[in-house]
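*Asks:* task: produce atomic coordinates for the following.
(chains A and B)
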Amino acid sequence: MSRPPAWLTVLAVLAVGTVSIPLVYLAVRASGVPASELTAIFGRPLVRELVLNTIGLSIAVSATAIAMGTLIATIVTRLRIGAARTWLLISALPLAVPSYLASYGWLVILPGLNGFWPSWALLSAVTIPYVTLPVAAVLRGTSAEGEAVARTLGLGPAQAFWRVTWPQVRPAAIAGGLLVFLYTLSDFGLVAMLRFQTLTWGVQQAYAASFDRSQAAVLALLLVVIAVIVVAAERGARGSLTRTTATHSTKEPLSVGPRIVFTAVVALPPVVGVLIPLIGLGGRLAEATTLRALNPEGLLQATTTTIGVSVAAAVVALLLALPLAALAARYTNKWVPTLEGAGYLSNGLPGIVVGLSLVFFSLSVIPALYQTVVVLVFAYAVLFMPKALGTARASIEGVSIDLVNVARTLGASRFQAWRRVTVPLALPGIGIGALLVAITTMKELPATLLLRPLGSSTLATELWSRTAAGEFGAAAPYAAVLVVVAAIPAMILSGVRSVAKEEM
Amino acid sequence: MPASARLGGVALVLGSALVLSACAATPEVEGAPEEAPTEEVVEEVAIEPVADDYVILYSGRNETLVQPLIDAFTEQTGITVDIRYAGSSELAAQLLEEGADSPASVFLSQDAGALGALSLEGLFAELPSDITDRVIPEFTSYDDTWVGITGRARVVVYDSETVSAEELPATADEIVGPQWSGKVGVAPGNASFQSFVTAYRVLEGDSAADQWVSGLNINDPQIFDGNGAILEAVNEGTIPLGLINHYYWDRLAFERGAENLRAQLHFTEKGDPASIVNVTGMGLLDAQSFDLDALELIRFFVSDEGQQYFVEQTFEYPLVPGIDAPEGLPALEDLAIAGFDLSDLATLKETQDLLRKYGLIL
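*Replies:* Here you go, the predicted structure:
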């Protein structure tokens, strides 16, 4: 494989430098802590408990998401369950529900819910689409013939799937699982409501002690260490991409019994992650007396701001992710894996840490832009660039290097070949990443509160403001609009293939 | 090694160096604002008090609860107030991070600990006595770096469908009795819970407090993230007892109607630490100490009108003598616990160490 061009390396390094701002900030804040106190912090029984809780929950949720997401994607794309396109669309909907809203809705119905299992079930339900959608995208773009051949050679359906199809979807499934893992590491709203104490909960509590920022930094660095390990593990588990070229697939016919079972499996995450929480929120709304407080102008303004910053964040995140994705997809030397891995780490950090790091960074480097929309969008890009990175890398990898080489022999420069062959073919996969960034930006709260321009608000901040005052009636319209607005990119996502094909 | 890979390495080092040098510059600014470039010092000396009819407020109190009062202030004075709303501790962390570069002039905090943290870092200016003298001395800062605005009582909240009046604990000590094992909801990370433990230490002594916390710990407490969640859980019948601030109940009653609530409030015996009063307060950022509009805003919060607003709209205790507490609450004098500074971080740290010892907080 050839050497990466210098400009690409420079851009990728700049991107990694940018998303590493929170890590540098944490290092600076934690560096003031004497070694003796570090040992004391790590020795506390509660810290050990939180580390175990965090690792246990993250592993359980990401394993569930990988298994269920792959299963659901396979059912929807390979079996005749009826209305496959609609089911795929419904499968994407849990992405649109903020995890704090999902857990609140459940608590209305079952107030006693708390601890590991409810947290696991609900986090799994809202994160399964991170695996379902990219895996479905791969399956829709590849052939089922291999599996059919395996079946004629005597393998059972499960074996045929394992031997033929799993290797094809494995990179996408594992990459999705990594995002789920990082999401679980950094989630605060859901675990706080369901009272399962994780490290992110501990970081938040350390800030609440008001004067001990260095301890919060030490705890957040523990999250970074966990993220480093899992990013390295993902590289090992990802496997290399195998490609099939045929494009039309045959769906297996199903009898009624299995059809009902498979449909139920597909419906499970949207029911748990969307339907039941919305029923719960609706019930709370019915009891509320503050509904009259709705201000349509404020709602419209918050909606416009939310959409505006989310689109901008998606674009900036993509610009950061692309050079790194291209580098990681096409070149290997001893720096590339480290660079790519470093690109994921900020996604495992709580929003408050990233928010504070950008308070610190923007005031020391570009004070004029502090608390402007520029720094806010920049913060979103730092937080969520990793969501665009994996899919962009996978889809660039999915574009055959042979095609690029053909373009080169026909006289195209390296850049021309990239622009005219790789980018158009990889565009759908790159789009998946951008949409994921937009959706998560819409739901982001802690960094938004610290960095939003004075007087401006997003749907998430308005929702927070009302629920924090206990006004669930007044909060409901904002919750509804947030879910609807976030559902739009989620539904677009469900229709994307990983690699563009000529229509037949 | 290929040339471009080496280039990548160099760029990484350069990039990190840039970021690092940017970072290294900040602590100086933060730790020692007096060492700021000379021209700034000169500028500061030259600056006259300013009234430009504009103030930036960081509010740790909720928009729904505070904005109407701000609107009244703007209407009366013509001073525009731009507000950043977020949690008190998040804003305190942000203000510590911003240091002297903060755009904010005033900080309105839900709890005294956050005010104490900023005061300790020297971020607050001393307030004029016409502001601080209005407030009952027990409920404001000892060095005039912040002023108390409202008080909220710590209370026991109970499920009136499962707990009878005779069963209710009369003192904090009864709460850790075996009959409440696994049944009490607490938020040990919460500032107001921590001031209750501080009050216990001050009133009953450190070893008794140690015993109480140890007793709570072995009594299998139900740990929550905040007061609102405890109230919801009691009101839904999930747990029979919880320790919260009184006004959360009034907010919930306002939202759903008092007659619809299972959860009811109970005050422990007069002078018992479980019924201590906590305060919210305001401080003037030192870097903006010449901002007359900011002082005007703080003055408005401790004015009769401002205090009356909190009594009527948020059901809190006023801290200015002569203004009546909301109906149905015990008199402030029956709850007041004099003798310790709510914002004293050294005391707070001892309390946190105690909670930490029993694994209740990190």
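
*Asks:* for stretch A:267-285, measure first residue to last.
*Replies:* 25 Å (Cα to Cα, to the nearest Å).

*Asks:* can you pull the contacts of residue A:423?
*Replies:* The neighbours of residue A:423, taking Cβ atoms under 8 Å, 6 or more residues apart in numbering or on different chains as the test, are residue A:430. Where you see a C-beta, it was placed from the backbone N, CA and C, and this is true even at glycine.

*Asks:* and the strands in the stretch 101-250 of chain B, which stretches?
*Replies:* B:106-109, B:146-159, B:184-186, B:222-223, B:241-245 (DSSP state E, counting those that start in this stretch).

*Asks:* so for stretch A:84-99, what gets flagged as buried?
*Replies:* A:84, A:87-99 (16 or more other Cβ atoms under 10 Å in any protein chain shown).

*Asks:* check stretch A:159-178 too.
*Replies:* A:160-161, A:164-165, A:168-178.

*Asks:* same deal with stretch A:327-338?
*Replies:* For stretch A:327-338, by 16+ other Cβ under 10 Å, it's A:327, A:328, A:329, A:330, A:331, A:333, A:335, A:336.

*Asks:* dump the buried residues of stretch A:84-99 to a markdown table, plus distance to chain B and secondary structure.
*Replies:* Listed next are the buried residues of stretch A:84-99 as a markdown table, based on distance: Cβ to the nearest Cβ, whole Å; DSSP: H, G, I helix; E, B strand; the rest coil:
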| residue | distance to chain B | secondary structure |
| --- | --- | --- |
| A:84 | 40 | helix |
| A:87 | 35 | helix |
| A:88 | 36 | helix |
| A:89 | 34 | helix |
| A:90 | 30 | helix |
| A:91 | 31 | helix |
| A:92 | 30 | helix |
| A:93 | 26 | helix |
| A:94 | 23 | helix |
| A:95 | 25 | helix |
| A:96 | 24 | helix |
| A:97 | 20 | coil |
| A:98 | 16 | coil |
| A:99 | 14 | helix |
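
*Asks:* any chance of those in CSV, plus pLDDT and distance to residue A:129?
*Replies:* CSV is the format used below for the buried residues of stretch A:84-99 (pLDDT from 0 to 100; distance: Cβ to Cβ, whole Å):
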residue, pLDDT, distance to residue A:129
A:84, 83, 16
A:87, 91, 12
A:88, 89, 10
A:89, 90, 11
A:90, 93, 10
A:91, 93, 6
A:92, 92, 5
A:93, 93, 8
A:94, 95, 6
A:95, 94, 5
A:96, 93, 9
A:97, 94, 10
A:98, 93, 14
A:99, 92, 13
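
*Asks:* what does the stretch 151-300 of chain B put close to chain A?
*Replies:* Neighbours of chain A within the stretch 151-300 of chain B, by Cβ under 8 Å from any Cβ of the partner chain: B:189-191, B:222-225, B:228-229, B:232-233, B:236-238, B:248, B:251-252, B:254-257, B:260.

*Asks:* quick one: list the elements packing against the worst-scoring helix or strand of chain A on mean pLDDT.
*Replies:* Here the helix or strand of chain A ranked lowest by mean pLDDT, DSSP states H and E is helix A:145-152, holding a mean of 79. Counting contacts by 3 or more Cβ pairs under 8 Å, 6 or more residues apart in numbering or on different chains; DSSP states H and E, helix A:145-152 packs against helix A:157-160.

*Asks:* please work out the average pLDDT along the helix or strand following the helix it packs on.
*Replies:* Following helix A:157-160 in sequence order, the next helix or strand is helix A:166-186 (DSSP states H and E). The average of the pLDDT scores along helix A:166-186 is 92.

*Asks:* where does the stretch 201-350 of chain B dip in pLDDT?
*Replies:* B:336-339 (pLDDT under 70).

*Asks:* quick one: the helices in it?
*Replies:* In the stretch 201-350 of chain B, the helices defined using DSSP state H, counting those that start in this stretch lie at B:206-218, B:227-235, B:247-256, B:292-301, B:304-313, B:332-335, B:345-357.
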